[in-house]
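Peer 1: need a 3D model of the sequence below.
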Amino acid sequence: GVNSTCGFAVSVYAHLVDALNRYRKFGMTSPADFLRQNERGAYTAMRTWKRRAVIGWSHHLSRLLESSLLLAEAYPEMCSTSPPPSTVEQLGSMIRLQVRDAIGRFEATNIEHEPPNDGPEGYTGELLITVCLYPHLKQSYNDGACTEGTPQSCWDITAHVCSFRPPKWMIPVEVFVSGPPRRLAAAKDSAWARDRLPLEQAKPPSASEVLLSSSGRLAEGLVSNFFVVTGSGGCKHDEHASLNFSGVTIVTAPASVRDGDGGVLAGTVREMVLCACKELGIAVRFEAPSILDAPIWTEAFLTGTGRLVQAVGVINATSLRHVEGVLIDTSLNVDRASINLLHPCGPVTRQLGSWVASKLTADLSENFVP
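Peer 2: Below you'll find the predicted structure:
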């Protein structure tokens with residue numbers, strides 16, 4: 001790993017000027033455009049819960065630090081002068097100030113943002129917060145760490161805030177299979193926002209997300225993790241019936257630990273779902289689901305910062321009509337190579353979605369309050 005105590009050598013004056021310039025540049029853009037226009041670095045995307053807390057604050061800090069270290073190792077030219085910060089504490093204090101400042105500026109200039117809605121179908125008026133940590137070649141100021149007037153590569157932070165309406169997770173969505181798994185999946189690299197643009201543009205209008213795959217195995221979405229459910233056991237599809245998850249197995253790709261290992265990003269909500277499975281007694285198999293096993297899938301769902309747990313109803317696998325010479329069994333819709341899940345938003349998806357929502361509400365006090 002990369003160890004360093006070299007941190008954020010930025011004077012207060014320079015920091016405020018940079019913040020103002022970035023707001024002028026990024027204030028009205030989408031999170032993806034913000035990442036594409038910014039300098040390359042590590043990033044994380046967070047959201048609020050009932051506008052009272054940021055979900056998984058500590059997890060996001062740890063992942064942002066880990067991503068910066070992974071990028072520094074994989075692309076040493078990015079930080080040849082100044083390695084990234086070395087501790088979560090060093091990173092956290094700076095990010096807290098940036099996030100609070102970004103939220104304040106957003107709310108001061110967007111009077112039309114919607115208030116929270118506590119309805120059962122989801123919430124409106126939440127905030128999506130994107131934070132980028134990057135090496136920034138700038139004119140340094142004399143603050144005891146940099147020499148005045150000397151260009152130095154310093155890791156800097158910028159934040160983007162926008163409002164969004166979370167999707168109604170009980171309404172199943174369509175996903176489209178296209179593109180290979182990304183490199184360095186364990187890190188959140190802002191360059192991915194540019195790299196994935198062709199896949200986003202090629203996505204059918206009916207699809208809500210793109211799934212990346214290799215040899216017919218579905219890894220993850222562009223901005224989400226992917227799960228399938230197999231077996232039914234005593235699990236009832238009547239929402240009023242008591243649930244018994246014996247015989248049920250959830251299949252999802254393993255978390256990546258090194259480049260090229262076939263794993264995926266360990267998303268914040270993914271980790272919550274895995275905790276729920278352990279508590280509810282649902283078996284989990286860590287392997288990328290094979291499209292050839294689609295006939296035995298009963299449910300599927302996505303997890304992510306914005307959507308939390310999102311039911312999947314249709315998997316459009318047109319690009320995978322043949323996998324290693326085997327024709328996919330798509331008896332329900334052979335022409336489009338479309339896989340229709342037997343129980344879209346079935347009992348397992350509903351239970352996990354409810355568990356995550358209840359956990360977030362119970363743990364509000366443990367999360368950072370903007």
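Peer 1: tell me where the chain has helices.
Peer 2: Here the chain has its helices, by DSSP state H, at 12-26, 31-37, 57-74, 88-109, 191-195, 197-202, 268-280, 347-362.
Peer 1: tell me which of those lies nearest to residue 226.
Peer 2: Ranking the helices of the chain by distance to residue 226, with CB to CB as the measure, places helix 268-280 first at 9.4 Å. The C-beta positions use only the backbone N, C-alpha and C, and glycine is treated the same way.
Peer 1: other SSEs contacting that closest one?
Peer 2: helix 57-74, strand 225-230, strand 283-286, strand 297-304, strand 308-316, helix 347-362 (3 or more CB pairs under 8 Å, 6 or more residues apart in numbering; DSSP states H and E).
Peer 1: for those, give me a markdown table that also has mean neighbour count.
Peer 2: Formatted as a markdown table, those follow (neighbours: other CB atoms under 10 Å):
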| stretch | mean neighbour count |
| --- | --- |
| helix 57-74 | 20 |
| strand 225-230 | 24 |
| strand 283-286 | 14 |
| strand 297-304 | 26 |
| strand 308-316 | 24 |
| helix 347-362 | 19 |
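Peer 1: now these in CSV, with mean pLDDT and distance to residue 170?
Peer 2: Putting the helices and strands packed on helix 268-280 into CSV (pLDDT from 0 to 100; distance: least, CB to CB, whole Å) gives the following:
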stretch, mean pLDDT, distance to residue 170
helix 57-74, 89, 25
strand 225-230, 96, 15
strand 283-286, 96, 22
strand 297-304, 95, 11
strand 308-316, 94, 6
helix 347-362, 90, 7
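Peer 1: of those, which is nearest residue 256?
Peer 2: Of all these, helix 57-74 sits nearest to residue 256, with 9.7 Å by CB to CB.
Peer 1: so how far is that closest one off the chain centroid?
Peer 2: 13 Å (CA atoms, centre = their mean, to the nearest Å).
Peer 1: repeat that for stretch 243-255.
Peer 2: 21 Å.
Peer 1: ok, residues contacting it?
Peer 2: For stretch 243-255, contacts defined as CB atoms under 8 Å, 6 or more residues apart in numbering pick out 186, 217-220, 225-236, 262-266, 270, 277, 280-289, 347-348, 351.
Peer 1: what about the closest residue to residue 227 other than its chain neighbours, neighbour count?
Peer 2: With CB to CB, 6 or more residues apart in numbering as the measure, residue 252 is the residue that lies nearest to residue 227, at 4.5 Å, once sequence neighbours are left out. By the criterion of other CB atoms under 10 Å, residue 252 has 25 neighbours.
Peer 1: measure residue 252 to residue 158 for me?
Peer 2: Separation of residue 252 from residue 158 (CB to CB, to the nearest Å) stands at 32 Å.
Peer 1: ok, now residue 192?
Peer 2: 17 Å.
Peer 1: pLDDT below threshold where in the stretch 201-350 of the chain?
Peer 2: Along the stretch 201-350 of the chain, segments meeting pLDDT under 70 span 232-242, 260, 321-337.
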